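>>> Kindly generate the corresponding structure for this input.
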Amino acid sequence: MVKLHSHHDLSADIDTIWDLLMDFGHIERWWPKNAAVDIDRVELEGSGIGMTRHIYNVGFDAAVSERLDFLDSDNYTLKLSIVGERPVGLLHYQATGVLTPLDGGGCRLTYDSEFIAEEGREEEAKGFLLGAYQLMYAGLDGAAG
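Numbers count the residues shown, from 1 in each chain. Just a heads-up that it's a prediction; the model follows:
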């Protein structure tokens, strides 16, 4: 199992960023436009904890399906898993995002994930995921701007 740790400081207040993240079914509210991976559409299955957002990206045949596993508004924490057909050889993926306030304003999004990839594809998966995290940070920065 490969573990990734990433974080990014955002200038927006914690509640603004949390509002974007906890609106799990509407990732297109904050995903950056004209990014390396553009969202075509999002289809929702279920609601609340256990809901799945099927993200159809431009140029990709299959959706990336993310299931909301945990949401704790008191501690600004969410967990998600990629389920179904997974990109870049991923066999298992789960991530935890935690927001913490920063002294002087703004907040930090800490993103810890773990994954298992097909043999020989670990570096490809790692690069893909770290790139997606950078897009996430840029999108949140832009939407909260």
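>>> Please report how far the residue of the chain positioned farthest from its centre lies from residue 9.
Distance from the C-alpha centroid of the chain, by CA atoms, centre = their mean, peaks at residue 104 (25.8 Å). Counting by CB to CB, to the nearest Å, the separation of residue 104 from residue 9 is 11 Å. Where you see a C-beta, it was placed from the backbone N, CA and C, and this is true even at glycine.
>>> Are we agreed that the residue farthest from the centre of the chain is in a strand?
No. Assessed with DSSP: H, G, I helix; E, B strand; the rest coil, residue 104 is coil; it does not lie in a strand.
>>> Can you read off the pLDDT for it?
With respect to pLDDT, residue 104 scores 91.
>>> For it, which residues are in contact?
Residues near residue 104 by CB atoms under 8 Å, 6 or more residues apart in numbering: none.
>>> quick one, what contacts residue 51?
24-25, 44-45, 67-68.
>>> quick one: pLDDT of it?
Reported pLDDT for residue 51: 97.
>>> Buried subset of the contacts of residue 51, written for PyMOL?
Applying 16 or more other CB atoms under 10 Å to the contacts of residue 51, the buried members can be selected in PyMOL as follows:
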select buried, resi 24+25+67+68
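>>> which among the contacts of residue 51 gets closest to residue 56?
The closest of the contacts of residue 51 to residue 56 turns out to be residue 44 (CB to CB; 12.0 Å).
>>> Point out the other helices and strands that the host helix or strand of the closest one packs with.
Using DSSP states H and E, residue 44 sits within strand 39-45. Here strand 39-45 touches strand 52-57, going by 3 or more CB pairs under 8 Å, 6 or more residues apart in numbering; DSSP states H and E.
>>> Run through who's touching the strand it packs on.
By CB under 8 Å, 6+ apart, strand 52-57 touches 24-25, 27, 37-46, 63-68, 83-84.
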